[in-house]
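> Test case, fold it:
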Amino acid sequence: MKNRVITISREFGSGGRTIGKMVAESLNIPCYDAEIIQKIAQESGFSEGYIQEAGEYAPGGVLSNVFSNRAYGPTNEDYLWKIQYQIITDLAQKGPCVIVGRCADYILRDTADCLKVFIHAGLDFRAKRIVEVYGEREASPEQRLRDKDKRRAAYHRFYTDKKWGQYRNYHIALDSGVLGLERCAQIIESLY
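Reported below is the predicted structural model:
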């Protein structure tokens, strides 16, 4: 029997990570987020910082292929994707859990009883939140949000051939700016 897993994809600043932790705590199951990066670092030998950055940049594109080692074989990003894929699959096989980000919705599409969630919110809500929660002090937090979301979308598209954030790829999409983080967590728990 497949384990029940909740995957949470999210726009930057929407509170998806926090919601995932709230759900896991309430259901008394593990939540994997930064732990996945740590496991990839241990297995690959790359630093956690490098893995975090590589996980948001798609190695695709014609010019990228011309100017990278991709023409000669797999890139570091491809190597890290393969490790990430195996780690997420192993975590889902260990037992019920919540997995935040890292294309887990796609990776587990055939191997787990998966509730696929996408958390989003308006730009104003997210900009205010990254300033308050993360101490973001850039002149334009809105531009940082757009850039980060654009990188996540490109990475997701490259490795999954799916459009990040498109409703067809998820069971439910929740607007944390309208519903609030606590209500989003309650809805996910009730669906689980």
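> For residue 100, which residues are in contact?
Listed by Cβ atoms under 8 Å, 6 or more residues apart in numbering, the contact partners of residue 100 are 7-8, 10, 16-17, 20, 31-33. (Glycine included, C-beta is placed from N, CA and C.)
> now it, which residues is it bridged with?
For residue 100, the beta-bridge partners under DSSP bridges are residue 8.
> Just after the worst-scoring helix or strand of the chain on mean pLDDT, pick out the following helix or strand.
For the chain, counting by mean pLDDT, DSSP states H and E, helix 62-67 ranks last in confidence among helices and strands (a mean of 40). Downstream of helix 62-67, the first helix or strand assigned by DSSP states H and E is helix 76-94.
> can I get the contacts of residue 100 in JSON lines with secondary structure and pLDDT?
Converted to JSON lines, these look like this (DSSP: H, G, I helix; E, B strand; the rest coil; pLDDT from 0 to 100):
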{"residue": "7", "secondary structure": "strand", "pLDDT": "97"}
{"residue": "8", "secondary structure": "strand", "pLDDT": "97"}
{"residue": "10", "secondary structure": "strand", "pLDDT": "95"}
{"residue": "16", "secondary structure": "helix", "pLDDT": "97"}
{"residue": "17", "secondary structure": "helix", "pLDDT": "96"}
{"residue": "20", "secondary structure": "helix", "pLDDT": "98"}
{"residue": "31", "secondary structure": "strand", "pLDDT": "97"}
{"residue": "32", "secondary structure": "strand", "pLDDT": "97"}
{"residue": "33", "secondary structure": "coil", "pLDDT": "92"}
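> can you give me the strands for this protein?
Per DSSP state E, the chain has strands spanning 4-10, 31-32, 97-100, 113-120, 172-175. These are given in chain order.
> Next one: residue 149 from residue 106, what distance?
Remark: distance between residue 149 and residue 106 (Cβ to Cβ, to the nearest Å) = 17 Å.
> Many thanks, I have nothing further to ask.
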